[in-house]
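In: only geometry, no sequence info:
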């Protein structure tokens, strides 16, 4: 592998590493040579992802934590450095979408969505930035959404949080890129994950969404690999503050 794209010697922290996008990104980073620390609430799934990474001759460790609890973030950041050393790469993939109609949204559901999707990525990153600054190198990858740019039904809190992630990414880049820490976001189209399970259960809707892309199909989890590895690698050193839509051209039409 070209040194431009190699992650050998780097350590990554991936939130939401138990399933879907976060799990796939963890596998992609490991394939590029990074050691990966996986954060999530479900220990069995964490250890399954570790087994899958080790089957690829990669290195991974589990860090069980409930990232909805902001009070755990300093400890989580500190514990993340124990297995393989200081964190070089942070992927903020943990998230929630409750899919409530407007009249069903409560203060509690609003707060829980904005907390996990928007507050946690910032406060966790802030815990890791001092170490990245010391090494003058870091990569932060947030997960945005099609809803960072457009609206879907029954997703007001989720859309608000993902619109916020778009601006948060730019603001984090402005604050920290001068110290060698880039911050970008991937905005996926429709991929088969736990969050999109209701969509994938509706074949007619799924076909309609595929037809709205320029490529003519919905995403496959393997489509995440290249962009994840690129944004985490030295090859993307002059790219920061960007939201990249990995959507098969859905937003181009």
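Out: Cool, got the structure. Predicted model, so just to flag it, every value in this text is computed and none were measured.
In: which parts of the helix or strand bottoming out on mean pLDDT in the chain are buried?
Out: Using mean pLDDT, DSSP states H and E, helix 197-200 stands out as the lowest-scoring helix or strand of the chain, at a mean of 83. For helix 197-200, burial by neighbour count (16 or more other Cβ atoms under 10 Å) applies to residue 199. The way it works is simple: take the backbone N, C-alpha and C, and place the C-beta from them, glycine included.
In: which elements pack onto it?
Out: Packing partners of helix 197-200 (3 or more Cβ pairs under 8 Å, 6 or more residues apart in numbering; DSSP states H and E): helix 203-211.
In: any idea of the mean pLDDT in the helix it packs on?
Out: Averaged across helix 203-211, pLDDT comes to 92.
In: so what's residue 98 closest to, chain neighbours aside?
Out: Once flanking residues are discounted, residue 98 sits nearest to residue 109: 5.4 Å by Cβ to Cβ, 6 or more residues apart in numbering.
In: got the contact list for the helix or strand hosting residue 175?
Out: Assigning secondary structure by DSSP states H and E places residue 175 in helix 156-176. For helix 156-176, contacts defined as Cβ atoms under 8 Å, 6 or more residues apart in numbering pick out 95-100, 102, 105, 109-110, 113-114, 117-118, 121-122, 125, 129, 132-133, 138, 140, 142-145, 147-149, 151-152, 182-185, 187, 240-243.
In: any of those buried? List them.
Out: 95-97, 100, 110, 113-114, 117-118, 121-122, 125, 129, 132, 138, 140, 142-145, 147-149, 182-185, 187, 240, 242-243.
In: out of those residues, which are inside helices?
Out: Cross-referencing the buried ones among the contacts of helix 156-176 against helices under DSSP state H gives 110, 113, 114, 121, 122, 125, 129, 132.
In: so what's the second one up against?
Out: With contact taken as Cβ under 8 Å, 6+ apart, residue 113 is in contact with 96, 97, 98, 157, 158, 160, 161.
In: just give me the closest of the residues you listed to residue 4.
Out: residue 161 (33.3 Å; Cβ to Cβ).
In: tally of neighbours for that closest one?
Out: Applying other Cβ atoms under 10 Å, we find 27 residues neighbouring residue 161.
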